[in-house]
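Q: have a look; sequence and predicted model below, questions after that.
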Amino acid sequence: MSKSALHMGMLVLRSELKDEGIIVQLIAPGIVQTDLLRASTDKDIGIPADASAEGLLRVVDSINMETRNKMINYNGATLPW
């Protein structure tokens, strides 16, 4: 799915579910160290999966109807969209 399609799908879901109090949010997990990432580069990049998961949970716990209109990284930083 393209970034544009993902964004449009999120906007449609957000609009349809807003009256039910359901928050739809895009959250990026960061560049996560996986076997595929390690096999594709010789550089030591990315974050451990557990650090990404912990960050995602913190972000999910902090989302509310006022902060839902931003693309958020696993570390809570707002990403340009």
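A: On my side now, so go ahead. Numbers count the residues shown, from 1 in each chain.
Q: for the residue sitting nearest the centre point of the chain, what are phi and psi?
A: In the chain, the centroid-proximal residue (CA atoms, centre = their mean) is Ile27; its distance is 1.4 Å. Backbone torsions of Ile27, given as degrees, to the nearest 10, read phi -130, psi 130.
Q: how about Ile47?
A: Phi and psi for Ile47, reported as degrees, to the nearest 10, are phi -120, psi 150.
Q: please list all residues in contact with it.
A: Residues in contact with Ile47 (CB atoms under 8 Å, 6 or more residues apart in numbering) are Gly30, Ile31, Val32, Gln33, Tyr74. Every C-beta, even on glycine, is put in place using the N, C-alpha and C of the backbone.
Q: 6 Å instead, please
A: Gly30 (CB atoms under 6 Å, 6 or more residues apart in numbering).
Q: who's it bridged to?
A: Legend: beta-bridge partners of Ile47 under DSSP bridges are Val32.
Q: what average pLDDT does stretch 31-51 get?
A: Stretch 31-51 carries an average pLDDT of 90.
Q: begin at 12 from here
A: Renumbered: residue one is now 12, and that last one reads stretch 42-62.
Q: in that stretch, what's buried?
A: Val43, Gln44, Gly57, Ala62 (16 or more other CB atoms under 10 Å).
Q: again with stretch 23-35
A: Buried residues in stretch 23-35 (16+ other CB under 10 Å): Arg25, Val35.
Q: gap between the two ends of that stretch?
A: 10 Å (CA to CA, to the nearest Å).
Q: other residues contacting that stretch?
A: Met21, Ile74, Arg79.
Q: tell me which of those fall in helices.
A: Counting by DSSP state H, the contacts of stretch 23-35 place Met21 in helices.
Q: would you turn the contacts of stretch 23-35 into a markdown table with neighbour count?
A: Listed next are the contacts of stretch 23-35 as a markdown table, based on neighbours: other CB atoms under 10 Å:
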| residue | neighbour count |
| --- | --- |
| Met21 | 15 |
| Ile74 | 15 |
| Arg79 | 15 |
